[in-house]
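J.: I'd like to go over a predicted model; first the sequence, then the structure.
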Amino acid sequence: MFKKLLVANRGTIAIRIIRACRELGIGTIAIYSTADKDALHVRIADEAVCIGPAAAEDSYLNIPSIISTVLTYGADAVHPGYGFLSENGDFAEACRRSGVNFVGPRARHIRLMGDKPRARRIMKRAGVPILPGSEGTGVSELKDAQADAKRLGYPVLIKAAAGGGGKGMRVVRDAHELARLFPLARAESEAAFGSRTMYLEKYLERARHVEFQILADNNRNVIHLGERDCSIQRRHQKVLEEAPCPVMTKRLREKMGKAAVRAAEVVGYSNVGTVEFLLADDGQFYFIEMNTRIQVEHGVTEMVTSTDLVRESIRIAAGEPLGMKQRQIGIEGAAIECRIYAEDARTHLPSPGVVTNHHAPGGLGVRVETALYDGYRVPVHYDPLIAKLIAHADTRALAIVRSKAALREYVIDGISTNIPLHLKILDDADFQGGEFATDFLKRYETAPPAAPPAIEHPTAKAS
Ligand code: ADP
């Protein structure tokens, strides 16, 4: 097992990783930007190193600075968490070249799944269902997009080949909209990912987002740990997630789980990963992408399967075999995660500032992952996700009641949060009945869609 692990991240996931390392007897090094000198992950790690100024490019995305810290402080492993460098093949490669273990898949798998048209091609060949869409390597010119849209029929979704965090995505309902929105989506992709390559996919109305958690060791053993329903989204970004999916059946789980395992097997994947699908009303499902890292919402799977996914990811990176077999995985009860953002309730714009009073709820089945404390200043520079509240119970109905009670108890004074929105969702009759799709949150839009938050780099992609 590793001796010292550098956590290449901040916020809730950095703390989550440090805690897992403690249990495994691994020493931890936190890195931080000057804006994060008072952050909780800095306080609780064994060692902490300032690696640059506030701008993420100069700190949490600064590969040379992170690698030199790894070497100077003698870390033998790096955990990238989610967001930042977690899906950057160059970073994984730089770690391995420096003789340090990257807790995640191999660089080539990160790159492969990060190229979405390529991932689609591989899945199609492997018999994993995909939606009709652009063939080949994608499109970068409007005329090619127009030809694809004509073939597919409207509505279509424009997506960025290098996409993530919903950036570069636009739903298009006719040729006129395509001509207007394609250049905008492409410009957004160029700004976010430095890539003009786009692709089109048939837009599936009223679909659910259902994703499968994968674990794979270095000996090609692959299992899945069931699904999460992440259909409660705003602008294609997840807000509330749950496990299991309320409309899942045993047969469908087997079928989708098999497809997810095949997706990982066909490329020889290792470590944690998530295979994301859209599930249509008629029970058909379609691969949309694979995330090659731990996800924000991993906690709901941990609660219903009693598995520590972060621990498993570290064990696998250290060359240990999977700790369990597929038949040992059961789903116990239901878990719901509310992502708590520092945001204005009406405009959804980030609301950074000082948290004057913080009281986190607790009790049976309540888990709070947060980096907040009394007097902490939420910085303007990073993703506004400040806490994750997970409620686990024997039944989904009780998990809903427990979530509501915990949210009502949660005190975060000094800044605005989206807790009121979560309470509305949990009180909604359709949500309670499990009757929802990815368009659910449209009914709670309270203001004209705000401009995307002015964050330099998201800490966490939606998925
Ligand atoms: P990103 O990686 O940018 O988050 P994804 O491909 O994971 O993008 O899609 C994000 C969300 O967009 C999905 O969860 C779903 O709600 C919606 N979406 C993606 N593809 C489609 C599609 N073809 N039809 C309908 N909705 C889609």
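T.: Happy to help now that I have it. What you see is a predicted model; the values in this text were computed from it and never measured. Numbering: from 1, shown residues only.
J.: for the ligand, what are the nearby residues on the stretch 101-250 of the chain?
T.: By the rule CB under 6 Å from any ligand atom, the part of the stretch 101-250 of the chain lying against the ligand is 131, 157, 163-166, 169, 201, 203-204, 207, 209, 233, 236. For glycine as for every other residue, the C-beta is placed from the backbone atoms N, C-alpha and C.
J.: Dump those into JSON lines; add secondary structure and neighbour count as well.
T.: As requested, those are exported to JSON lines (DSSP: H, G, I helix; E, B strand; the rest coil; neighbours: other CB atoms under 10 Å):
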{"residue": "Leu131", "secondary structure": "coil", "neighbour count": "20"}
{"residue": "Leu157", "secondary structure": "strand", "neighbour count": "20"}
{"residue": "Gly163", "secondary structure": "coil", "neighbour count": "25"}
{"residue": "Gly164", "secondary structure": "coil", "neighbour count": "19"}
{"residue": "Gly165", "secondary structure": "coil", "neighbour count": "22"}
{"residue": "Gly166", "secondary structure": "coil", "neighbour count": "20"}
{"residue": "Met169", "secondary structure": "coil", "neighbour count": "19"}
{"residue": "Glu201", "secondary structure": "strand", "neighbour count": "23"}
{"residue": "Tyr203", "secondary structure": "coil", "neighbour count": "19"}
{"residue": "Leu204", "secondary structure": "coil", "neighbour count": "19"}
{"residue": "Ala207", "secondary structure": "coil", "neighbour count": "21"}
{"residue": "His209", "secondary structure": "strand", "neighbour count": "23"}
{"residue": "Gln233", "secondary structure": "strand", "neighbour count": "19"}
{"residue": "His236", "secondary structure": "coil", "neighbour count": "17"}
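J.: pLDDT and distance to His224 for those residues - can I get that in TSV?
T.: Written out in TSV, the entries for those read as follows (pLDDT from 0 to 100; distance: CB to CB, whole Å):
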residue	pLDDT	distance to His224
Leu131	97	21
Leu157	98	26
Gly163	89	24
Gly164	89	22
Gly165	89	24
Gly166	90	25
Met169	96	26
Glu201	97	24
Tyr203	97	27
Leu204	97	22
Ala207	97	20
His209	98	16
Gln233	97	22
His236	93	24
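J.: Give me the below-cutoff pLDDT ranges for the stretch 351-463 of the chain.
T.: Counting by pLDDT under 70, the stretch 351-463 of the chain contains low-confidence ranges at 446-463.
J.: now swap in the chain and tell me
T.: Under the criterion of pLDDT under 70, the regions of the chain flagged as low confidence span 446-463.
J.: show me the residues around the closest residue to the ligand within the stretch 301-450 of the chain that make contact.
T.: For the stretch 301-450 of the chain, the residue closest to the ligand is Thr438, as judged by CB to the nearest ligand atom, at 3.6 Å. With contacts taken as CB atoms under 8 Å, 6 or more residues apart in numbering, Thr438 has the following neighbours: 206-209, 231, 233, 236, 278.
J.: Next, the buried residues of the helix or strand hosting Val261.
T.: Taking DSSP states H and E as the criterion, Val261 maps to helix 250-267. Of all the residues in helix 250-267, those buried under the rule 16 or more other CB atoms under 10 Å are 252-253, 256-257, 259-261, 263-264, 267.
J.: Now for those residues: which two are most distant?
T.: Leu252 and Val267 (23.8 Å; CB to CB).
J.: picking that back up, kindly calculate the angle that whatever helix or strand comes next after the helix holding Val261 makes with helix 250-267.
T.: Along the chain past helix 250-267, the next helix or strand (assigned with DSSP H and E) turns out to be strand 271-279. Orientation check (axes from the mean of the first three to the mean of the last three CA atoms, to 10 degrees): strand 271-279 against helix 250-267 gives 130 degrees.
J.: rewinding a little: list just the nearest of the buried residues of helix 250-267 to Ala243.
T.: Ala243 has its nearest neighbour among the buried residues of helix 250-267 in Arg253, at 11.2 Å by CB to CB.
J.: you'd agree that closest one is up against Asp229?
T.: No. Counting by CB atoms under 8 Å, Arg253 does not reach Asp229; the two are 11.9 Å apart.
J.: Pull up the overlap in contacts between these two.
T.: Between them, Arg253 and Asp229 share the neighbouring residues Pro244, with contact defined by CB under 8 Å, 6+ apart.
J.: quick one, helices of this protein?
T.: Defined through DSSP state H, the helices belonging to the chain, from first to last, are 11-24, 40-44, 63-73, 89-97, 107-114, 116-125, 142-152, 175-193, 250-267, 298-305, 309-317, 396-409, 419-427, 429-432.
J.: could you say what helices and strands the shortest one packs with?
T.: Packing contacts for helix 429-432, counted by 3 or more CB pairs under 8 Å, 6 or more residues apart in numbering; DSSP states H and E, involve helix 396-409.
J.: so which of the helices of the chain is the most packed in?
T.: For these, the stretch with the most neighbours on average is helix 298-305, a mean of 24; neighbours defined as mean count of other CB atoms under 10 Å.
J.: how distant is it from the center of its chain?
T.: 14 Å (CA atoms, centre = their mean, to the nearest Å).
J.: Can I get that helix as PDB, trimmed to CA atoms?
T.: What follows is the C-alpha trace of helix 298-305 in PDB, where atoms were taken according to Å, rounded to 0.1, in the frame of the first residue of the first chain:
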ATOM      1  CA  HIS A 298     -20.500   8.500  -5.500                       C
ATOM      2  CA  GLY A 299     -21.800   8.700  -1.900                       C
ATOM      3  CA  VAL A 300     -25.300   7.400  -2.700                       C
ATOM      4  CA  THR A 301     -23.900   4.200  -4.200                       C
ATOM      5  CA  GLU A 302     -21.600   3.900  -1.200                       C
ATOM      6  CA  MET A 303     -24.700   4.000   1.200                       C
ATOM      7  CA  VAL A 304     -26.800   1.500  -0.600                       C
ATOM      8  CA  THR A 305     -24.000  -1.000  -1.300                       C
END
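J.: got the angle between that helix and strand 271-279?
T.: Direction vectors for helix 298-305 and strand 271-279, defined by the same axes, to 10 degrees, enclose an angle of 90 degrees.
J.: I'd like to check the angle between helix 298-305 and helix 396-409, please.
T.: Note on geometry: by the same axes, to 10 degrees, helix 298-305 and helix 396-409 are set 130 degrees apart in direction.
J.: So which residues lie in contact with helix 298-305, not counting its own?
T.: Outside helix 298-305, the residues that touch it by CB under 8 Å, 6+ apart are 213, 225-226, 228, 241-244, 272, 307-310, 329-337, 367, 369, 388, 390, 392.
J.: List only buried entries from the residues you listed.
T.: 213, 225-226, 228, 241-244, 272, 307-310, 329, 331, 333-337, 367, 369, 388, 390, 392.
J.: Among those residues, which lie within strands?
T.: Judged by DSSP state E, those include 213, 225-226, 228, 241-243, 272, 334-337, 367, 369, 388, 390, 392 as members of strands.
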